[in-house]
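Enquirer: From the sequence below, what's the structure:
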Amino acid sequence: MANVNLDELNKQIETLRKTLNNLANEKSLTDPEIVETSKMLDALLNQYEQLLRRKMDSYKSI
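Expert: Below is the predicted model of the structure:
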């Protein structure tokens, strides 16, 4: 997570969202590829939220 900024994470999230949507149009929602992609997206969203909270906390301490 070091050196990853919110904009970069947002781009990764949007790319993975598009991928997941495309997969969902082609496969069953229980397909292993969809499940794995969904887990990856969840991890990125969690990472984004953690980074955002850290930034907000750092602004509060100023």
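
Enquirer: Secondary structure element for the residue most central in space within the chain, which one?
Expert: A centroid search over the chain (CA atoms, centre = their mean) returns L44, at 2.8 Å, as the residue closest to the centre. For L44, the enclosing helix or strand under DSSP states H and E is helix 32-60.

Enquirer: List the buried residues for that helix?
Expert: 34, 37, 41, 44, 48, 51 (16 or more other CB atoms under 10 Å). No exception for glycine: its C-beta is placed from N, CA and C like everyone else's.

Enquirer: wait, what's in contact with T37?
Expert: T37 makes contacts with 16, 19-20, 23, as judged by CB atoms under 8 Å, 6 or more residues apart in numbering.

Enquirer: Roughly how far does it sit from Y48?
Expert: With distances taken as CB to CB, to the nearest Å, T37 is found 16 Å from Y48.

Enquirer: can you check S58 too?
Expert: As judged by CB to CB, S58 and Y48 stand 16 Å apart.

Enquirer: what sits up against the helix or strand hosting T19?
Expert: Using DSSP H and E, T19 maps to helix 6-26. For helix 6-26, the external contacting residues (CB under 8 Å, 6+ apart) are 31, 33-34, 37-38, 40-41, 44-45, 47-48, 51-52, 55.

Enquirer: okay if I get those as CSV plus distance to K11 and pLDDT?
Expert: Compiled in CSV, the contacts of helix 6-26 are given as follows (distance: CB to CB, whole Å; pLDDT from 0 to 100):
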residue, distance to K11, pLDDT
D31, 25, 98
E33, 22, 98
I34, 21, 98
T37, 16, 98
S38, 18, 98
M40, 14, 98
L41, 13, 98
L44, 10, 98
L45, 13, 98
Q47, 13, 96
Y48, 11, 96
L51, 14, 94
L52, 15, 93
K55, 17, 88
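
Enquirer: Burial check on the closest residue to the residue nearest to the centre of the chain other than its chain neighbours, number of neighbours?
Expert: Setting aside the residues directly before and after it, L44 is nearest to I13 in space (CB to CB, 6 or more residues apart in numbering), at 5.0 Å. Residues near I13, counting by other CB atoms under 10 Å, number 16.
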